[in-house]
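Participant: Provided below for reference: sequence and predicted model.
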Number of protein chains: 2
Amino acid sequence: MKKAIVFLSGGVDSATCLAIAKAQGYACYALTFDYGQRNHVEIEYAKKCAQQMGVAEHRIFQLNINQWKGSALTDHTLAVPHERSDDIPITYVPARNTIFLSLALSWAEVLGIADVFLGANAIDECNYPDCRPEYIRAFEQMANLATRQGVTGTQFTIHTPLLYLDKTEIIRAGLALGVDYSNTLSCYDPDSTGEACGRCDACYFRAEGFKHAE
Amino acid sequence: MKKAIVFLSGGVDSATCLAIAKAQGYACYALTFDYGQRNHVEIEYAKKCAQQMGVAEHRIFQLNINQWKGSALTDHTLAVPHERSDDIPITYVPARNTIFLSLALSWAEVLGIADVFLGANAIDECNYPDCRPEYIRAFEQMANLATRQGVTGTQFTIHTPLLYLDKTEIIRAGLALGVDYSNTLSCYDPDSTGEACGRCDACYFRAEGFKHAE
């Protein structure tokens, strides 16, 4: 059975991405990061998803990048904005996807895996530089020069099946594959019980997505 | 004063690299990784270097990549080879430099720094894929697409002043800049007191370098 690493954050996108990878016939190695995120409770949702959807392994990687702050997602003294803007938002975590992909690249090489699924989205997340298609391609090119696998001709591929879908299309795809979205949390700033704030970007896009998907 | 992040492992190359960055007028932010390396005592040498050479800050980052093994440097059940070969050696740590550079990229962005010094070497370390010039350039290209800094036009630069030097030339450069190499350790497999094995690749290149440098 072919194998893939799938990023699993506990949100709508990564749960959908896992369902797509499974539907494509991959045995899935789920990777979740505990990086001091404000919405730390999302890790519990990632565990529920992994358990309910069936994965070969679920690894939760401790990564203390909140030590250098720099984002409203990792610095609890910064407020999560409740308005949308055209700038890169303060919830951007410096180089987060690059760090996550680098660690996935390492684990993939150890497991002999060349495929990684990432729920990056160029529509809703268009202001995050590390969700853009040109970034994803540049990471692949770098990765294929970085590793023993690359040197010996195995191509590292980042699958981004959600890249050009809007939230409604993502949710429709997931529902068609049987995803139970009650196991997901989207909010950037939930309370400790996992109750969403209802006002941040992530809550907004989730609500809009479900409104139009049904 | 211009600022740079400098990787500091505790070895000859990174100590020399730090001296070069300082000589070029950078205030240096030293970054050391505690990644479960077999030669864990090297971290104590990195601390000595940072203290003796003067850095703006020295950060030791905990990074549990030894959880997935895959290298004689992180898996203590694998033996460090005592012969040199033309293959990628078993001391290669999957995607290590990519992970290290990604974390440096993140810290750099938080500090508003665009320059990183890495003691990679294409001569002695020619078998490590992530020490090759083409890899370094590909990482820079990816990094400039990954971050807010990149989007706003600040170019991320990886300085590799040792890339084309052999160990003798590296040591001569360091001695000329006053590096005290008694604060460094090169061995992949030292005992707990920091006594070098004298037989691994790293010991071999260190010994050869000092023999010809004097």
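Facilitator: It's in. The structure presented is a predicted model; accordingly, all values stated were derived computationally and were not measured.
Participant: who are the packing partners of the strand of greatest length in chain A?
Facilitator: Using DSSP state E to assign secondary structure, the strand with the most residues in chain A is strand A:27-34. Packing partners of strand A:27-34 (3 or more Cβ pairs under 8 Å, 6 or more residues apart in numbering or on different chains; DSSP states H and E): strand A:3-7, helix A:12-23, helix A:42-53, strand A:57-62, helix A:96-111. Placement of C-beta: from N, CA and C, glycine included.
Participant: adjacent strands (with direction) for it?
Facilitator: Within its sheet, strand A:27-34 is paired with strand A:3-7 (parallel), strand A:57-62 (parallel), according to DSSP bridges.
Participant: need the helices and strands packed on strand A:27-34 in JSON lines (columns: mean pLDDT and mean neighbour count).
Facilitator: What follows is the helices and strands packed on strand A:27-34, written out as JSON lines (pLDDT from 0 to 100; neighbours: other Cβ atoms under 10 Å in any protein chain shown):
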{"stretch": "strand A:3-7", "mean pLDDT": "98", "mean neighbour count": "24"}
{"stretch": "helix A:12-23", "mean pLDDT": "98", "mean neighbour count": "25"}
{"stretch": "helix A:42-53", "mean pLDDT": "97", "mean neighbour count": "20"}
{"stretch": "strand A:57-62", "mean pLDDT": "97", "mean neighbour count": "16"}
{"stretch": "helix A:96-111", "mean pLDDT": "96", "mean neighbour count": "24"}
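Participant: for those, give me CSV that also has distance to residue B:32.
Facilitator: Compiled in CSV, the helices and strands packed on strand A:27-34 are given as follows (distance: least, Cβ to Cβ, whole Å):
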stretch, distance to residue B:32
strand A:3-7, 27
helix A:12-23, 32
helix A:42-53, 28
strand A:57-62, 18
helix A:96-111, 17
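Participant: if we can go back for a sec, would you mark the buried spots in the longest strand of chain A?
Facilitator: Within strand A:27-34, the residues that qualify as buried are A:28-33, counting by 16 or more other Cβ atoms under 10 Å in any protein chain shown.
Participant: repeat that for stretch A:120-133.
Facilitator: Of all the residues in stretch A:120-133, those buried under the rule 16+ other Cβ under 10 Å are A:120-122, A:124-125, A:127-132.
Participant: what does it rub up against?
Facilitator: Contacts of stretch A:120-133 with the rest of the structure, by Cβ atoms under 8 Å, 6 or more residues apart in numbering or on different chains, involve A:13, A:85-89, A:92, A:95-98, A:135-136, A:160, A:162-167, A:170, A:205, B:145-148, B:150-151.
Participant: give me the subset of the residues you listed lying in helices.
Facilitator: Of the contacts of stretch A:120-133, the ones assigned to helices by DSSP state H are A:13, A:96-98, A:135-136, A:167, A:170, A:205, B:145-146, B:148, B:150-151.
Participant: ok, residue A:12 touching residue A:170?
Facilitator: Yes - assessed by Cβ atoms under 8 Å, residue A:12 is found in contact with residue A:170 at 6.5 Å.
Participant: what touches both of those two?
Facilitator: With contacts defined as Cβ under 8 Å, 6+ apart, the residues adjacent to both residue A:12 and residue A:170 are residue A:209.
Participant: now do the SS call for the residue nearest to residue A:114 when sequence neighbours are not counted.
Facilitator: Here the nearest residue to residue A:114 in space, its sequence neighbours aside, is residue A:154; by Cβ to Cβ, 6 or more residues apart in numbering or on different chains that works out to 5.0 Å. With DSSP: H, G, I helix; E, B strand; the rest coil as the basis, residue A:154 sits in coil.
Participant: count the neighbours of residue A:154 for me.
Facilitator: The local packing of residue A:154 (other Cβ atoms under 10 Å in any protein chain shown) involves 16 other residues.
Participant: pLDDT weak spots in chain A?
Facilitator: A:124-126 (pLDDT under 70).
Participant: what residues are up against the residue nearest to residue A:71 when sequence neighbours are not counted?
Facilitator: Distances taken as Cβ to Cβ, 6+ apart put residue A:93 closest to residue A:71, at 4.2 Å, once the chain neighbours are dropped. For residue A:93, the contact set (Cβ under 8 Å, 6+ apart) comprises A:35, A:65, A:70-71, A:73-74, B:106.
Participant: one more: residue A:149?
Facilitator: Residue A:149 makes contact with A:108-109, A:112, A:114, A:156, according to Cβ under 8 Å, 6+ apart.
Participant: ok, residue A:138 to chain B distance?
Facilitator: 4 Å (Cβ to the nearest Cβ, to the nearest Å).
Participant: so which residue of chain A lies furthest out from the middle?
Facilitator: Relative to the C-alpha centroid of chain A, counting by Cα atoms, centre = their mean, residue A:152 is the outermost residue, at 28.6 Å.
Participant: for that residue, phi and psi?
Facilitator: Here is the backbone geometry of residue A:152 (degrees, to the nearest 10): phi -90, psi 10.
Participant: against chain B, how distant is it?
Facilitator: Here the distance between residue A:152 and chain B works out to 9 Å (Cβ to the nearest Cβ).
Participant: ok, back up a step: out of the contacts of residue A:93, which are buried?
Facilitator: Neighbour-count burial (16+ other Cβ under 10 Å) applied to the contacts of residue A:93 gives A:35, A:65, A:70-71, A:73-74, B:106.
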